[in-house]
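Enquirer: A predicted structure for the sequence below; I have some questions about it.
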Amino acid sequence: MNDPAWLEVPKLIKSVIIFPALNTKIWENQHKRDVVHGKKYQIFVSSTFTDLQSEREKIIKAILELYHIPIGMEMFSAEDEDQWEIIRRTIDISDYYILIIGLRYGTVTSEGLSFTHKEYEYSLSKKIPILAFVLDDGVSLAKEKRDDNLDNINKFREAVLANANSSHKCNTYAF
């Protein structure tokens, strides 16, 4: 079997971090058994939206090609309920959490964290397996795809990378 489809995602990705460590051979065998037995995983896709729309689309396509169920902000609305409550409940019933980090921090909640950062912290606390795609910070991006002040996004990126580096329970793929 070739590399998992998500390894072919965006060219500008610096690294992919998987919490907990994913034994690719075991995963491939398990995935084959799951497909044969009709097991589908719900995978929550988290990122800022407009700046990473193309990356989100590619990851969602890869998830669908693996016969699993992607879910994220574009798949539900928060019309009648508190937005965080809907997100939290959706993460609770997800089997995996995919994080895509670019150079925008996103909308900040009343706690001072972006929704993406809050989703990540919540997924960590629930011990949901996380696959994090971290955009190379040296990539030249249009002004609308990056924050003017990178302090918050850099702290978030550093936290994700530090969690990966401090744990022997993750795999990191550098591109």
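Expert: Yes, it's here. From a predicted model like this one, the values you see are computed outputs, not experimental measurements.
Enquirer: which SSE is A132 in?
Expert: A132 belongs to strand 130-135 when elements are defined using DSSP states H and E.
Enquirer: Looking at the residue lying closest to N154 once chain neighbours are set aside now. What's its pLDDT?
Expert: Using C-beta to C-beta, 6 or more residues apart in numbering and skipping the chain neighbours, the partner closest in space to N154 is D137 (7.8 Å). To be clear about C-beta, it is placed using only N, CA and C from the backbone, and glycine gets the same treatment. Note on D137: pLDDT of 70.
Enquirer: Likewise for K11?
Expert: Reported pLDDT for K11: 43.
Enquirer: Remind me what the helix or strand K58 falls within packs against, helices and strands.
Expert: Using DSSP H and E, K58 maps to helix 53-65. Judged by 3 or more C-beta pairs under 8 Å, 6 or more residues apart in numbering; DSSP states H and E, the packing partners of helix 53-65 are strand 42-46, strand 69-71, strand 96-101, strand 130-135.
Enquirer: Burial check on D148, number of neighbours?
Expert: 5 (other C-beta atoms under 10 Å).
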